[in-house]
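Asker: based on what follows, work out the 3D shape:
(one chain, ligands or ions: 1)
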Amino acid sequence: MEQVRSTTAWVATQSSHVTVDFSGIEKVAETMKNSIPKVEWDFEGIHYFDNGPLTVQYLLVLDTLNFCFWPDEEMSYDHLASGLKATLESDKSAFDADRLQKYTGPQLRKMLNWSRPLPLEDERVRLLHEVGLELEKSFEGKASKLVESCDNSAAKLVALMTSHFPGFRDHTVYKGHQIFLYKRAQIFAADLWGAFKGQGYGDFEDISSITIFADYIVPAVLQQLGVLRYRSSLDNIIKKNTEIISGSEEEVELRACSVYAVEKIKELISKKTGKQVLSVELDLWLWAFGIQCPSLQHHRTLSIYY
Ligand SMILES: Nc1nc2c(c(CN[C@H]3C=C[C@H](O)[C@@H]3O)cn2[C@@H]2O[C@H](COP(=O)(O)O)[C@@H](O)[C@H]2O)c(=O)[nH]1
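Answerer: Next up, the predicted model:
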């Protein structure tokens with residue numbers, strides 16, 4: 001995750017559409033230093049959990065599809081998590097590797113109890129097939145085998161995910177430099193850690209190495225908190241719900257500055273209190289805050305990464 005940390009920090013030094021406001025960072029760190037509001041993983045009660053390998057399979061499928069809900073105003077992450085949960089509860093072999101390779105768009109819609117095409121449906125189906133095929137080829141069809149081969153290291157898991165599954169390679173080029181964000185690969189590690197409460201499949205010695213997950217909710221929350229400032233042209237684009245092109249400077253700056261800013265909040269809290277704070281905890285708090293705020297306006301980019 002060092003690549004994520006260093007390359008996003010570099011973007012923050014070059015950024016012009018988005019600025020990290022250090023007085024905002026100071027304010028947030030000061031407010032949160034004594035207690036970071038604890039948000040329970042699955043605070044919404046929407047995820048499948050049976051404390052075993054099937055949960056790992058579920059989380060991999062979930063994070064394979066965990067991106068871009070906004071093109072359909074009524075679609076959200078909750079539909080995905082609960083739809084996949086219901087699917088698995090009624091058919092325990094629904095996410096077997098051979099079946100993942102065969103799903104069609106309409107079948108996926110049915111799983112999510114959705115009557116119209118899903119946002120980026122063809123990509124969702126393609127990514128499911130990719131994961132099923134590679135699981136079968138390299139991990140005996142089991143996501144649990146993939147996790148077992150990581151020696152309790154979240155960094156190793158992210159490296160393995162991005163080397164085996166091209167769909168998880170969330171990186172881009174900004175001003176000629178390669179920038180790593182790895183949102184869905186990192187969130188998979190975080191979901192394991194959260195679901196299994198740091199035990200068993202979620203036991204990662206280096207969970208502190210993970211950064212936040214740069215999606216479209218967290219930047220909007222950071223802007224609300226005064227941690228990120230947008231140039232007025234970008235502010236207008238977001239307010240008007242105009243799409244931002246994937247890989248554009250604006251998009252990369254929004255995501256990279258969010259990662260960098262939360263790293264700085266973390267450092268400052270540690271400096272003030274002597275205690276280590278995890279990005280995963282800060283992320284969950286920021287994200288939960290964001291989705292409970294219906295008026296929050298976020299940037300809109302068609303992307304398979306977040
Ligand atoms: N940074 C960050 N981004 C996250 C999540 C999660 C879900 N994590 C679950 C895991 C345990 C907890 O119980 C959470 O429920 C989804 N997203 C992103 O949000 C967006 C969806 O928004 P909307 O269209 O409103 O549903 C989309 O980009 C999606 O990829 C997170 O935790 N952190």
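Asker: what are the bridge partners for residue 300, then?
Answerer: residue 243 (DSSP bridges).
Asker: tally of neighbours for it?
Answerer: 18 (other Cβ atoms under 10 Å). C-betas here are computed from N, CA, C, even on glycine.
Asker: and what of residue 190?
Answerer: Neighbourhood size, residue 190 [other Cβ under 10 Å]: 26.
Asker: contacts made by stretch 46-60 with the rest, please.
Answerer: With Cβ atoms under 8 Å, 6 or more residues apart in numbering as the test, stretch 46-60 has contacts from 42, 62, 78, 81-82, 84-85, 88-89, 92, 95, 131, 135, 142-144, 146-147, 188, 191-192, 195-196, 200-201.
Asker: try stretch 237-254
Answerer: Contact with stretch 237-254 is made by 11, 15-18, 172-175, 179, 214, 219-220, 228, 230, 234, 297-303, as judged by Cβ under 8 Å, 6+ apart.
Asker: hmm, back to that, out of the contacts of stretch 46-60, which touch the ligand?
Answerer: 42, 191 (Cβ under 6 Å from any ligand atom).
Asker: get me the contact residues on the stretch 201-306 of the chain for the ligand.
Answerer: 212, 213, 215, 216, 217, 218, 283, 284, 287, 291, 306.
Asker: buried ones among the residues you listed?
Answerer: In terms of neighbour count (16 or more other Cβ atoms under 10 Å), the buried residues within those are 212, 213, 215, 216, 217, 218, 283, 284, 287, 306.
Asker: redo those residues as CSV? Include distance to residue 47 and pLDDT.
Answerer: What follows is these, written out as CSV (distance: Cβ to Cβ, whole Å; pLDDT from 0 to 100):
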residue, distance to residue 47, pLDDT
212, 20, 98
213, 16, 98
215, 17, 98
216, 21, 98
217, 18, 98
218, 20, 98
283, 16, 96
284, 13, 94
287, 14, 95
306, 19, 98
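Asker: what is the neighbour count of the nearest residue to residue 230 once chain neighbours are set aside?
Answerer: Closest residue in space to residue 230, ignoring its immediate chain neighbours: residue 18 at 5.9 Å, by Cβ to Cβ, 6 or more residues apart in numbering. Using other Cβ under 10 Å, the number of residues around residue 18 comes to 27.
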